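Q: Have a look at this fold, sequence not included:
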């Protein structure tokens, strides 16, 4: 990142430390979600109201999925404000609005204009990612996967998309927020369009960097729009965890921003715009500085390939090597030391 951008980032971070100002900006971000949802005809307010009306059921889903052994104090980065919510993903409001936020943030990615929105842009993005994954699975001779992990699944939009594209697999959606998982489980039960998926999708409470699964367990691990929400050291831990739980020859599939896309480079060189964007994505600077291909190679993956799947998103596929030892300590990161990343 340009030094001017880094300086503006620090300046705006200081401004947002003033709670009234940050609260105002959160309100602006949430109003944008509502306005865009209306523009793409997603029933934002009715859907939130519906979820609020079944709060008792959501509470039961929460208790059923919660892993009480997870000590959230170990995940300090996840407890910071982001995505326009003071408690990040650890609250009901974020979970109830997550689906609308997903669709609205992706609505302009193909038009490249904030005033021209594509209602099905999120589905188009995920289907393009799935097509690339399917092509790479065929090339790497990984056919008919049985077990797939969707790490960082939120309310399950990504999980359902994987299920549609991998019909032979049982998909496990895993997230660190039991609120998100509760809404995902409820939607899986409630919505008629999910009926065909119910027996092939389950949800588990866990972190991408510390999952409850045994070694060599999955055929595919997906990280969809996750790593830009992690500090760099946690991204490396998540990659190492994917390597651990994948079978030899298994595939890691990553979908996220393309830090070198025209839009992201333009944003990164507009100091105030980038700093404002980062106010809802606190780890974006670390993400944009992370050499993902190099990290995968040093984490024990081979055959790392990438493809643009939208004007601002990149899909990266890698295979767990057979007999290749990880050497991730050889990676030098241009980010703060890990102990400084969580405050």
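A: Thanks, I have it. All values derive from a computational prediction rather than experimental measurement.
Q: Can you list the buried residues in stretch 214-224?
A: Burial within stretch 214-224, assessed by neighbour count using 16 or more other C-beta atoms under 10 Å, is assigned to 217-224. All C-beta spots, glycine's among them, are computed from the backbone N, C-alpha and C.
Q: Now render these as CSV, adding pLDDT, secondary structure and distance to residue 139.
A: Formatted as CSV, those follow (pLDDT from 0 to 100; DSSP: H, G, I helix; E, B strand; the rest coil; distance: C-beta to C-beta, whole Å):
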residue, pLDDT, secondary structure, distance to residue 139
217, 97, coil, 23
218, 98, strand, 19
219, 98, strand, 15
220, 98, strand, 14
221, 98, strand, 18
222, 98, strand, 17
223, 98, strand, 20
224, 98, strand, 20
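Q: now the helices: where do they sit in this structure?
A: Taking DSSP state H as the test, the helices found in the chain are 3-16, 19-39, 44-53, 55-65, 92-106, 121-139, 157-165, 178-190, 232-245, 262-268, 271-278, 284-289, 292-298.
Q: From the centroid of this protein, which residue is nearest?
A: By C-alpha atoms, centre = their mean, the mean C-alpha position of the chain lies nearest to residue 226, the distance being 2.6 Å.
Q: that older thread, wait, which of the buried residues of stretch 214-224 is closest to residue 27?
A: Nearest to residue 27 among the buried residues of stretch 214-224, counting by C-beta to C-beta, is residue 224 at 27.9 Å.
Q: give the contact list for the closest residue to the residue nearest to the centre of the chain other than its chain neighbours.
A: In space, and not counting its chain neighbours, residue 226 is closest to residue 152: 3.5 Å by C-beta to C-beta, 6 or more residues apart in numbering. Going by C-beta atoms under 8 Å, 6 or more residues apart in numbering, residue 152 touches 174-176, 208, 223-226, 229.
Q: ok, back up a step: distance of the residue nearest to the centre of the chain relative to residue 259?
A: 15 Å (C-beta to C-beta, to the nearest Å).
Q: Likewise for residue 148?
A: 26 Å.
Q: Neighbour count for the two, which is higher?
A: Remark: of residue 148 and residue 259, residue 148 carries more neighbours, 26 against 19, as counted by other C-beta atoms under 10 Å.
Q: Surely that one touches residue 166?
A: Yes - using C-beta atoms under 8 Å, residue 148 is in contact with residue 166, at 5.9 Å.
Q: who touches both of those two?
A: With C-beta under 8 Å, 6+ apart, residue 148 and residue 166 have common neighbours residue 220.
Q: worst-scoring helix or strand of this structure, pLDDT-wise?
A: Least confident helix or strand of the chain, by mean pLDDT, DSSP states H and E, is helix 3-16 with a mean of 63.
Q: quick one: average pLDDT of the longest strand belonging to the chain?
A: In terms of residue count, the longest strand belonging to the chain (DSSP state E) is strand 246-257. Average pLDDT, strand 246-257: 97.
Q: Now do the buried residues in that strand.
A: 246-247, 250-257.
Q: Contacts only, for residue 243.
A: So, once contact is read as C-beta under 8 Å, 6+ apart, residue 243 ends up touching 252, 299-301, 320, 326.
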